[in-house]
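Okay, here's the prediction I keep looking at, along with the sequence it came from:
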Amino acid sequence: MRKPTKQHVLISDPLSPEGVAILEAAKNIEVTVKTDHTPEELLAAIPKYSGLIVRSQTRVSRGIIEAGQRLRVIGRAGVGVDNIDVATATQAGIVVVNSPEGNNIAATEHTLALLLSLARNVPAADASLRAGEWKRGKFTGVELYNKTLAVIGLGKIGTEVAKRARAFGMQVLGYDPFVTREHAELLGLRFVTLDEALQSADFVTFHVPLNKDTKHIVNAKRLSQMKDGVRIINCARGGIIDEAALARALASGKVAGAAIDVFEEEPPIDSPLIGLPGVITTPHLGASTAEAQVKVAVDVAEQIVDVLSDRPARSPVNMPAIAAETLGRLQPYLRLVERIGSFHGQLATGGIRSVDVTFAGEIAGDDVGVLIPGLLKGLLQSILDESINYVNATYVAKSRNISVRETRESAAADYASLITVRVIAENSEHIVSGCLFGKNDLRIVRLDDYRLDFSPEGLALIAWHIDQPGLIGSVGTILGSREINIASMQVGRVSQRGSAVMVLGVDERVTPEVLAQIEGVNGVTMCSLLEF
């Protein structure tokens, strides 16, 4: 379909005037602002538009995208894209853009606002005075000076919080499993383990994504190990803190106070923290400043203009445009390198230092440069509190001093094409090789010194062990007793009765309790759950 002379853009949620002005100033764009569409009205209207800008109100469903026959770009004026069907947009060749950094300062400053309010009992004192009381002694606070703050997560927001906390004269501890000690120390922090951070701090603030590793990272056990009178701030994601456990710790006096901006369920209708003495609550206001709204509006509007002017967007959420012929040829390899990267990301311990990738065989003669961002995206996206995509993955790696080196070899031994990736982290080093069987069958064929042959799909249990009779059967018995079905099994070993590794494809998620039980089997040295 030929592109119309004028590219029509619909703004379907409220957007700062500064963003609207950028679109209106573009000679090739005509703007419509209508923020009260029903879903049915939007479905009827969307075929006219080449661009769509939303915030969190408009849901951009598969039906909307399929009806948008002219759509070339969808912009989310903010970070999250949960209300956009990104997969369908990608399949339709529509670029989805967002503003991953526009809210950073707003979230940083809200964290500091809650930190100060918590230390000085500001909300409760204000409410008391409004009620006609004058109870100065009741609201005696604590100073931040010379207190210890633990910053959990050293991404952009956590880093900015740490800088400002040091200005208050606080002693700042930093924890982030995917940041090197050298990087943390450059920020003037003392780099510690998670448990040391939580047990040593007077104040704790969280700046991590919500995933399987951070879900309820603050639970009853960890709360019991913290200092008496600790104060906790969460402006990151709901679900990081077990709200019921925190409520009990507050009621017992173990925790002196908490400031919570995000909740396990939003709105937090049933949260035990709402109205609890000693708790400051705000309705997910971390990004809600006038300046942040302007930043995200301008950022997304500029990207809309770029895409509709045939220029690349700077913050695409999905894959940028690649020549159809190249994409068709390399698409399976792009999926493969992302899975190899994800495998490495789940194996790595400590900050990642270097990534060496070798393309061998037929693939070495192709345009493999486009695969490197996919590899880094897979490696980084599940371990960093940042929006990682094909365009910014290389930049993020560089900004974290991760060296990336590419090598090409004409021969690939037993394979037509083979991709081998070595990742060196602060406390680990692994090698993973993968290839394609046929045109689309992704396979991992090597892990370190072990030859394997498994498909990186779904859930997999990986266990390092000693090659000895009965061990695999014991693991299978444990899984069977928990109704966990084994879909596939691969075992690699270096020598008979020597070190070995098994990879079991499983149909159900393996809980930490089951993993601990498997690690208790004689001969098993370590095991973990992988998710592809």
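Ah, there it is.

Now stretch 400-413: buried residues?
400, 402, 404, 412 (16 or more other Cβ atoms under 10 Å). Just so you know, the C-beta spots here come from the backbone N, C-alpha and C atoms, and that holds for glycine as well.

Please apply the same query to stretch 15-28.
Buried residues in stretch 15-28 (16+ other Cβ under 10 Å): 15-16, 19-20, 22-23, 26.

secondary structure element for residue 90?
Residue 90 is part of helix 86-91, with elements assigned from DSSP states H and E.

now residue 117
Assigned by DSSP H and E, residue 117 falls in helix 104-120.

how much does the next helix or strand after that helix deviate in direction from helix 104-120?
Using DSSP H and E, the helix or strand that follows helix 104-120 in sequence is helix 122-130. Interaxial angle, helix 122-130 versus helix 104-120 (axes from the mean of the first three to the mean of the last three Cα atoms, to 10 degrees): 60 degrees.

residues in contact with helix 122-130?
Defining contact as Cβ atoms under 8 Å, 6 or more residues apart in numbering, one finds that helix 122-130 is touched by 116-117, 135, 138-139, 277, 280.

if we go to 10 Å?
Helix 122-130 has contacts (Cβ atoms under 10 Å, 6 or more residues apart in numbering) with 113-114, 116-117, 121, 133-136, 138-141, 257, 259, 277-282.

rewinding a little: could you pull out the buried residues of the next helix or strand after the helix holding residue 90?
Sequence-wise, the next helix or strand downstream of helix 86-91 (DSSP H and E) is strand 95-97. The neighbour-count check on strand 95-97 (16+ other Cβ under 10 Å) flags 95-97 as buried.

again with stretch 352-361
352-353, 355, 357-361.

distance of residue 293 from residue 300?
As judged by Cβ to Cβ, to the nearest Å, residue 293 and residue 300 stand 11 Å apart.

which of the two has more neighbours?
Taking other Cβ atoms under 10 Å, residue 293 and residue 300 do not tie; residue 300 has more neighbours (31 against 22).

State whether the more buried one and residue 81 are indeed in contact, as I suppose.
No. Using Cβ atoms under 10 Å, residue 300 is not in contact with residue 81; the gap is 11.4 Å.

which neighbours do those two share?
Contacts common to residue 300 and residue 81, judged by Cβ under 10 Å, 6+ apart, are 54, 74-75, 97-98.

May I ask which two of those are separated the most?
54 and 97 (11.3 Å; Cβ to Cβ).

any common contacting residues for these two?
Going by Cβ under 10 Å, 6+ apart, residues that sit against residue 54 and also against residue 97 are 74-77, 81, 300.

Which of these scores worst on pLDDT?
For the shared contacts of residue 54 and residue 97, the weakest pLDDT value sits at residue 81, with 82.

Just the element for residue 489, please.
Per DSSP H and E: strand 486-493 holds residue 489.

Counting neighbours, which bits of that strand end up buried?
490-493.

relative orientation of the following helix or strand past that strand and strand 486-493 in degrees?
As assigned by DSSP H and E, the chain's next helix or strand after strand 486-493 is strand 499-506. Here strand 499-506 points in a direction 170 degrees away from that of strand 486-493 (the same axes, to 10 degrees).

helices and strands around strand 499-506, which ones?
Under the contact criterion of 3 or more Cβ pairs under 10 Å, 6 or more residues apart in numbering; DSSP states H and E, strand 499-506 touches strand 441-447, strand 450-454, strand 459-466, helix 471-481, strand 486-493, strand 524-531.

Convert the C-alpha atoms of it to CSV, please.
Extracted in CSV, the C-alpha atoms of strand 499-506 (Å, rounded to 0.1, in the frame of the first residue of the first chain):
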residue,chain,number,x,y,z
SER,A,499,31.6,-34.7,36.3
ALA,A,500,28.4,-34.4,34.3
VAL,A,501,25.4,-32.2,33.7
MET,A,502,21.8,-33.1,33.0
VAL,A,503,19.1,-30.9,31.4
LEU,A,504,15.6,-32.0,32.0
GLY,A,505,12.8,-30.3,30.0
VAL,A,506,9.8,-30.1,32.5
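
same question for that strand, mean pLDDT?
pLDDT averaged over strand 499-506 gives 96.

what is the orientation angle of the next helix or strand after that strand with strand 499-506?
Scanning forward in sequence from strand 499-506 by DSSP H and E, the next helix or strand is helix 512-519. Interaxial angle of helix 512-519 relative to strand 499-506 (the same axes, to 10 degrees): 150 degrees.

So for helix 512-519, what gets flagged as buried?
Neighbour counts over helix 512-519 (16+ other Cβ under 10 Å) mark 514-515, 517-518 as buried.

Please list the residues outside it that contact it.
With Cβ under 10 Å, 6+ apart as the test, helix 512-519 has contacts from 212, 461, 463-465, 474-475, 478-479, 481-482, 484, 504, 508, 510-511, 524-529.

what does the helix holding residue 90 rub up against?
With Cβ under 10 Å, 6+ apart as the contact definition, helix 86-91 has outside contacts at 52, 60-66, 68, 71, 73-74, 76, 81, 85, 94-96, 98, 316-319.

ok, now with 8 Å
60, 62, 65-66, 71, 74, 95-96, 317-319.

Which ones among those residues map onto strands?
Using DSSP state E, the subset of these located in strands is 74, 95-96.

Filter the shared contacts of residue 300 and residue 81 down to the buried ones and hand me the PyMOL line.
This is how PyMOL selects the buried members of the shared contacts of residue 300 and residue 81, with burial counted by 16+ other Cβ under 10 Å:
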select buried, resi 54+74+75+97+98
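
Could you export the shared contacts of residue 300 and residue 81 as JSON lines, including distance to residue 340?
As requested, the shared contacts of residue 300 and residue 81 are arranged in JSON lines below (distance: Cβ to Cβ, whole Å):
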{"residue": "54", "distance to residue 340": "34"}
{"residue": "74", "distance to residue 340": "29"}
{"residue": "75", "distance to residue 340": "31"}
{"residue": "97", "distance to residue 340": "27"}
{"residue": "98", "distance to residue 340": "26"}
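
Among the shared contacts of residue 300 and residue 81, which one sits closest to residue 10?
Distances from residue 10 to those, taken by Cβ to Cβ, are shortest for residue 54, at 9.1 Å.

nearest spatial neighbour of the closest one, skipping sequence neighbours?
In space, and not counting its chain neighbours, residue 54 is closest to residue 13: 5.0 Å by Cβ to Cβ, 6 or more residues apart in numbering.

how close does that neighbour get to residue 261?
When residue 13 is compared with residue 261 (using Cβ to Cβ), they lie 22 Å apart.

of the two, who's got more company?
The neighbour comparison of residue 13 against residue 261 (other Cβ under 10 Å) goes to residue 261, with 24 against 19.

I'd assumed residue 237 was in contact with the more buried one.
No. The criterion here is Cβ atoms under 8 Å, and residue 261 misses it with residue 237 at 9.9 Å.

Isn't residue 474 up against residue 502?
No. Counting by Cβ under 8 Å, residue 474 stays clear of residue 502, with 11.5 Å between them.

how near is residue 398 to residue 436?
Taking Cβ to Cβ, one finds residue 398 at 29 Å from residue 436.

of those two, who's got more company?
Legend: neighbour count by other Cβ under 10 Å for residue 398 and residue 436, higher for residue 436 (19 against 12).

Check which helices and strands the host helix or strand of that one sits against.
Per DSSP H and E, residue 436 falls inside strand 429-437. Strand 429-437 is packed against helix 324-347, strand 417-425, strand 441-447, with contacts defined by 3 or more Cβ pairs under 8 Å, 6 or more residues apart in numbering; DSSP states H and E.

Buried by neighbour count: which residues of the shortest one qualify?
Buried residues in strand 441-447, counted by 16+ other Cβ under 10 Å: 442-447.

show me where the stretch 251-400 of the chain has strands.
255-260, 279-281, 352-361 (DSSP state E, counting those that start in this stretch).

Those: which one's closest to residue 5?
Counting by Cβ to Cβ, and looking across all of the strands of the stretch 251-400 of the chain, nearest comes strand 352-361 at 43.4 Å.

Show me what the closest one pairs with in its sheet, parallel or antiparallel.
Strand 352-361 has the following strand partners under DSSP bridges: strand 403-409 (parallel), strand 417-425 (antiparallel).
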